[in-house]
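**Q** This is a predicted model, with the sequence first.
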Amino acid sequence: MEKLNTSEIEQALTSVPQWKKSGSEISRTYQFKDFMGAMRFVNSVAEIAEKAAHHPDIDIRWNKVTLTLTTHDANGLTAKDFELAKQVDRL
């Protein structure tokens, strides 16, 4: 998968407006009613990520879950990151 250039990243970010770019990563924090809601979400993300063979970094803080995406093989952001972000946003 090829790394996206700056204009391609800017365009892709419009499809996932709640995700923020930082360096060569995009991330978003989701908030839930409680810890169990956060864990159900993480398990759903795990299923999607495994099917896509593309796994986010996941930070769990009681009722908040932060996902961070980058394509390590490409050393930056690719279409794969934005596709996974869109799938997660549909949960």
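**A** Structure's in. What do you need? Residues are numbered from 1 along each chain as shown.
**Q** Specify the beta-bridge partners of Q31.
**A** K64 (DSSP bridges).
**Q** Could you give the number of residues near it?
**A** By other Cβ atoms under 10 Å, 12 other residues sit near Q31. C-betas here are computed from N, CA, C, even on glycine.
**Q** neighbours around the residue lying closest to F82 once chain neighbours are set aside, how many?
**A** Spatial nearest neighbour of F82, chain neighbours left out: A12 (4.3 Å); criterion: Cβ to Cβ, 6 or more residues apart in numbering. If you count neighbours by other Cβ under 10 Å, A12 ends up with 21.
**Q** What's the mean pLDDT across the helix or strand that contains A12?
**A** Assigned by DSSP states H and E, A12 falls within helix 6-13. The pLDDT scores in helix 6-13 average 98.
**Q** Give me the buried positions along it.
**A** Neighbour counts over helix 6-13 (16 or more other Cβ atoms under 10 Å) mark I9, A12, L13 as buried.
**Q** got a list of what the residue nearest to the first one when sequence neighbours are not counted touches?
**A** Right, I9. In space, and not counting its chain neighbours, I9 is closest to L77: 5.5 Å by Cβ to Cβ, 6+ apart. Applying Cβ atoms under 8 Å, 6 or more residues apart in numbering, we find L77 in contact with K3, L4, I9, A12, K21, S24, E25, I26, L69, T70, T71.
**Q** From these, list the buried ones, please.
**A** K3, L4, I9, A12, E25, I26, L69, T70, T71.
**Q** Lovely, talk soon.
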